[in-house]
Every structure is written in structure tokens, then in C-alpha cells.
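In: Need coordinates for the below:
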Amino acid sequence: MSRDLNKILNYSFLKISLIPLMLWVISTLVFILLRIAPGDPVDAILGSGADAVSREMLRNRLGLNESLLSQYLNYINNILHLNLGLSLSTEEPVLTIILKSLPATLELGFFSILSAILIGFTLGFIGLRYKGKKGDYIIRIIGIASYAIPPFWGAMLAQLIFSVYFNIFPIGGRFPVFQNQNHITGFLVLDSFLSNDFIGLRESLYHLALPSLTLGFLLSGIFSRSLRINLDKSLKSDYVNAAITRGVSRRRIILNHALPNALLPIVTISGLTIASLAGGALLFEVTFSWPGIALRLHEAISQRDYTLVQGIVIITSLLIVSLNLLVDILIALLDPRIEY
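Out: This next block holds a predicted model:
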């Protein structure tokens with residue numbers, strides 16, 4: 001047991017040691033791509049009609065007159081000192097902006113993944129229950145369609161149906177603009193619960209429902225398909241047949257024997273789903289006017305705010321790498337057959 005634990009620890013240390021290298025590569029690529037992309041942050045801040053003196057003063061103040069090498073070295077030095085710099089457009093610390101926006105994205109991501117698992121597992125069990133029948137084929141079509149729909153198109157379709165036509169959910173936003181919010185952690189559902197503000201809890205869940213259920217449905221196809229395939233494979237294994245011959249009930253066979261083994265590949269898929277969630281969140285948050293980090297990234301790109309874009313990409317990359325590391329460690333703990 002201690003030998004297996006040592007292997008896991010060595011693997012974890014190896015993965016952690018690679019994180020700085022990965023972040024350096026990502027940071028360098030972002031720096032280069034932003035500099036070669038069309039557009040000028042001075043034009044975005046002052047407008048194209050500003051006089052030459054004002055433009056030159058702002059360029060000097062922002063450090064844009066320095067050579068690219070000097071800008072890059074200052075940029076890397078700041079990162080090494082955990083300083084992401086100031087926003088070019090607002091001159092607010094980039095880390096402060098990220099910490100304000102990140103809870104909204106994490107809250108939406110958590111409830112979206114939870115919805116994806118609930119919807120996917122339900123569809124997977126139904127598909128397996130009616131294997132080879134009409135219901136199974138319908139579930140397969142739903143799973144393929146959910147995974148194939150682009151997130152921004154699915155978001156607009158959900159808004160059109162549930163907000164415009166039926167007026168069930170708000171079309172966007174995170175909280176009513178006319179109502180006071182309780183700010184403790186930045187997670188509105190948790191803050192409302194901690195402050196016993198049940199009206200705020202209801203409103204935050206009401207605004208969260210449509211985007212999280214929509215994104216959860218779009219991600220559910222991969223969970224339903226994976227659960228159905230792996231659970232079906234587990235139910236055909238020898239140890240399940242042995243349990244059947246001993247008279248163990250089907251419910252206990254599924255819950256105690258087949259399902260734990262079928263969940264191992266799904267844990268791996270969860271790590272990949274988190275990465276795809278980060279990639280698809282940009283247009284999703286823009287569509288729902290969700291004040292998260294992806295919406296802030298969209299605004300920073302349109303304003304040519306180099307420092308803010310760089311900071312958001314670095315923090316997002318760090319989160320994704322860390323979550324995937326946790327998934328890898330969890331898989332190693334759950335499955336002793338895995339060798340590292």
C-alpha cells in the first residue's frame with residue numbers, strides 16, 4: 001500500500017513540476033499572439049480621433065513604447081513575482097478584476113457539471129434499461145445532438161424558447177439589478193444561504209437555472225454515452241455473472257459491483273469536460289450576459305487590454321491544469337490497476 005502511495009506521490013510531484021513549464025509556454029504564446037494581432041490598445045482607450053500628444057503620453061505610461069523584448073522580460077518578471085500588472089483600460093489590478101469575476105464562472109461551471117452528470121446519468125440508465133429498443137435509440141440521438149450543438153447556438157435557442165416565447169426564465173444576468181446582493185465569498189448562492197437571505201437565494205438560483213441547465217444538457221451527451229457503454233460492459237463481466245449465480249439482486253449488482261467500475265472512465269471524462277467547459281464558456285457567458293471571467297476576457301480582447309487578457313489566460317490555465325492533476329490522482333486512488 002505504501003509503495004502504491006509513493007508511486008502516486010512521485011507521479012504527482014512530476015506533474016506539479018511540469019506546471020511552471022506549461023504556464024511559461026502558455027504565457028509566451030499569449031504575449032506573442034496579442035502583439036501580432038491587429039489593433040492598438042491606445043486606440044481602444046482614447047479612440048482613433050485622439051491627438052498625437054495624448055496618444056504618446058498614454059503609450060509611455062503603459063510601457064508600450066519599450067521594445068518587445070523589454071516588455072516580455074518585464075512581463076515574465078512580474079509573473080514570477082505573482083504580479084499580473086494593471087489593466088490597460090481601467091488601471092485596476094488584474095488580479096482584483098479576476099477575483100471579482102471568477103466566482104461567477106466557477107458557480108456556473110459547478111452547477112453546469114452537476115446538471116450534466118444528473119441528466120447524463122439519467123439518460124444513460126434509461127438507455128441501458130431499454131437497450132436495443134426504441135427508447136434506447138431516442139436516447140442515443142439526444143446524446144449525439146447535445147454534444148454536437150455549438151454552445152452559443154444552444155444558449156440562444158434556450159433563451160428564445162424559455163425566455164422570449166414562454167417567459168419562464170430571465171434572458172440573462174446573474175441577479176436582479178434592482179435588488180441588493182450579499183457579498184461574502186462572491187458565490188451568490190452560497191452568500192445568500194450564509195446570510196439567510198432566502199429571497200436572494202431564490203433569485204440567484206432563478207437566474208442560474210437556465211444557463212446551467214442549458215450548458216449541462218449540452219455536456220450531458222458524453223456522460224450518458226460513456227455510462228451506458230461502460231455499465232453495459234461491466235454487467236457482462238465474470239464477477240457480475242458470479243454475483244447473479246449467488247442470487248444477488250440486480251439492484252445490488254449494479255450499485256455495488258458494476259457501477260463503481262463503470263464510473264472510472266467517467267472520472268477521466270470529467271477532466272476533459274472541464275477543459276471543454278472552459279473553451280465553450282466564452283460565447284456562452286457573452287450570450288447570457290453572465291458576469292464571469294469569460295465575459296471579462298471578451299471585453300478585454302475587444303479593448304486590446306493586453307495585461308488583463310494575459311492574466312485571465314494564465315489563471316484559467318492554472319485552474320485547468322490543477323483540476324486535471326486532481327482528476328489523475330483521483331483515478332490512481334480509485335483504480336489500483338493503473339501503473340505510473
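In: Residue 222 against residue 270, yeah?
Out: No: using Cβ atoms under 8 Å, residue 222 is not in contact with residue 270; the gap is 9.6 Å. Where you see a C-beta, it was placed from the backbone N, CA and C, and this is true even at glycine.
In: What residues sit buried inside the helix or strand hosting residue 221?
Out: Here residue 221 sits within helix 198-235, counting by DSSP states H and E. Residues of helix 198-235 classed as buried by neighbour count (16 or more other Cβ atoms under 10 Å): 200-201, 203-204, 207-228, 230-231, 234-235.
In: cool, stretch 162-176 as well?
Out: Here stretch 162-176 shows 162, 163, 169, 170, 171, 172, 174, 175 as buried, counting by 16+ other Cβ under 10 Å.
In: quick one: contacts for the first one?
Out: Meaning residue 162. For residue 162, the contact set (Cβ atoms under 8 Å, 6 or more residues apart in numbering) comprises 168, 169, 210.
In: if we can go back for a sec, okay if I get the buried residues of stretch 162-176 as JSON lines plus secondary structure?
Out: Output for those, formatted as JSON lines (DSSP: H, G, I helix; E, B strand; the rest coil):
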{"residue": "162", "secondary structure": "helix"}
{"residue": "163", "secondary structure": "helix"}
{"residue": "169", "secondary structure": "coil"}
{"residue": "170", "secondary structure": "coil"}
{"residue": "171", "secondary structure": "coil"}
{"residue": "172", "secondary structure": "coil"}
{"residue": "174", "secondary structure": "coil"}
{"residue": "175", "secondary structure": "coil"}
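In: Pick out whichever of those residues sits closest to residue 23.
Out: residue 174 (29.3 Å; Cβ to Cβ).
In: OK, contacts around that closest one?
Out: With Cβ under 8 Å, 6+ apart, residue 174 has these contacts: 104, 188, 204, 207, 208, 290, 291.
In: Go again with 10 Å.
Out: 104, 107-108, 181, 188, 203-204, 207-208, 211, 285, 288-292 (Cβ atoms under 10 Å, 6 or more residues apart in numbering).
In: least confident pick among these?
Out: Within the set of the contacts of residue 174, pLDDT is lowest for residue 181 (70).
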